[in-house]
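A.B. asks: the following comprises the amino acid sequence and a computationally predicted model.
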Amino acid sequence: MSADAAPTFIRGVPHPLPAGERLLWEGAPNARAVARHVFKGWWIAAYFAVMLLLWAFTTSVAFGTSEYFTGLGIRVMLVAIVLGIVEILAQVVARTTVYAITERRVVLRIGMVIPMSINIPFTLLVSASVAAFRDGTGQVLMELSREQRIAYIALWPHCRAFTFTHPQPLLRGLLEPKRIGELLASAVAEAAERTNAELESGEPAAVGTSKPSLTTGAGDPRNTASSDTVALGRPSVDSRIPAGV
């Protein structure tokens, strides 16, 4: 890259990537996938459908009366409000999120209320796995080294549920999860090869020398296969992308 080349920015991040670092992929969650798989919209709808049927068959109010239809209408309206909230939350998550993969790191630009950028250098990745759902969407789970920790509240909902002590970042609502997972695995492997070459030539190493493994699951992101990774930095929660990692 020439010295006067235009800087590369990740959408929503005010600071450019370090000089010479290429942006390999940038995307955002699909709102429909977020509503279905993150906020469990279908499960919520099914639950309320069962509750409505149960009320319809067990209520003491005579069917066909104005009182019956008033009660039914109120319940249907409440269900619609809840499902509407789920849809709005999914839309907000999709519109306020940007995922990016570069030659050296994964960046999550997230925050429904307070925008922030989470920078995850490849040196912190222990493993990565892909979970694909029946509708074709999916997610990429990243496991960080045990010494590193990002606050669960800062990551949610872009993390594996209930991993409070050791949050695991997730790229959620992806329309092409397998392709993105393979791209991440390839980027980490190439970064490791560059590091090996730098070590052999006596130049300072910029990334770890180990290669995280990529596995694919069928909807459950727990199927991860870990490998050793050298952790040379800490994950940062900031809008600035440091050049030193």
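C.D. replies: Yep, it's here. Everything quoted here is computed from the prediction, not taken from an experiment.
A.B. asks: residues of the longest helix seen in the chain that come out buried?
C.D. replies: In the chain, taking DSSP state H as the definition, the longest helix is helix 66-95. Neighbour-count burial for helix 66-95 flags Leu72, Val79, Leu83, Val86, Glu87, Leu89, Ala90, Val93, Ala94 (criterion: 16 or more other CB atoms under 10 Å). Backbone N, C-alpha and C define where each C-beta goes, glycine included.
A.B. asks: next: stretch 125-135.
C.D. replies: Buried residues in stretch 125-135, counted by 16+ other CB under 10 Å: Leu125, Val126, Ser127, Ala128, Ser129, Val130, Ala131, Ala132, Phe133.
A.B. asks: for the longest helix of the chain, name the packing helices and strands.
C.D. replies: helix 31-33, helix 41-58 (3 or more CB pairs under 8 Å, 6 or more residues apart in numbering; DSSP states H and E).
A.B. asks: nearest to Glu182, out of those?
C.D. replies: Taking CB to CB, helix 31-33 is the member of the helices and strands packed on helix 66-95 nearest to Glu182, at 18.9 Å.
A.B. asks: how about residues contacting that closest one?
C.D. replies: 87, 90-91, 93-95, 133, 135, 137, 172-175 (CB atoms under 8 Å, 6 or more residues apart in numbering).
A.B. asks: CSV please, covering those and showing distance to Arg160 and pLDDT.
C.D. replies: Output for these, formatted as CSV (distance: CB to CB, whole Å; pLDDT from 0 to 100):
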residue, distance to Arg160, pLDDT
Glu87, 23, 97
Ala90, 18, 97
Gln91, 22, 97
Val93, 16, 97
Ala94, 19, 97
Arg95, 23, 96
Phe133, 15, 95
Asp135, 20, 94
Thr137, 16, 96
Arg172, 10, 97
Gly173, 14, 97
Leu174, 15, 97
Leu175, 20, 96
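A.B. asks: so which of these comes closest to Ala192?
C.D. replies: Using CB to CB, Leu174 is the member of the contacts of helix 31-33 that sits closest to Ala192, with 23.7 Å.
A.B. asks: helix, strand or coil for the most centrally placed residue in the chain?
C.D. replies: In the chain, the centroid-proximal residue (CA atoms, centre = their mean) is Leu171; its distance is 2.3 Å. Using DSSP: H, G, I helix; E, B strand; the rest coil, the structure places Leu171 in strand.
A.B. asks: that one and Leu183 touch, don't they?
C.D. replies: No - between Leu171 and Leu183 there is no contact under CB atoms under 8 Å: 10.8 Å.
A.B. asks: and the next helix or strand after the longest helix of the chain, what does it pack onto?
C.D. replies: Later in the chain than helix 66-95, the nearest helix or strand by DSSP states H and E is strand 98-102. Applying 3+ CB pairs under 8 Å, 6+ apart, we find strand 98-102 packed against strand 23-27, strand 105-110, helix 177-201.
A.B. asks: can you redo these as a markdown table with mean neighbour count and distance to Trp55?
C.D. replies: A markdown table is the format used below for the helices and strands packed on strand 98-102 (neighbours: other CB atoms under 10 Å; distance: least, CB to CB, whole Å):
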| stretch | mean neighbour count | distance to Trp55 |
| --- | --- | --- |
| strand 23-27 | 16 | 42 |
| strand 105-110 | 24 | 39 |
| helix 177-201 | 17 | 39 |
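A.B. asks: mind putting those into JSON lines with mean pLDDT and distance to Ala49?
C.D. replies: As requested, the helices and strands packed on strand 98-102 are exported to JSON lines (pLDDT from 0 to 100; distance: least, CB to CB, whole Å):
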{"stretch": "strand 23-27", "mean pLDDT": "97", "distance to Ala49": "33"}
{"stretch": "strand 105-110", "mean pLDDT": "96", "distance to Ala49": "32"}
{"stretch": "helix 177-201", "mean pLDDT": "88", "distance to Ala49": "29"}
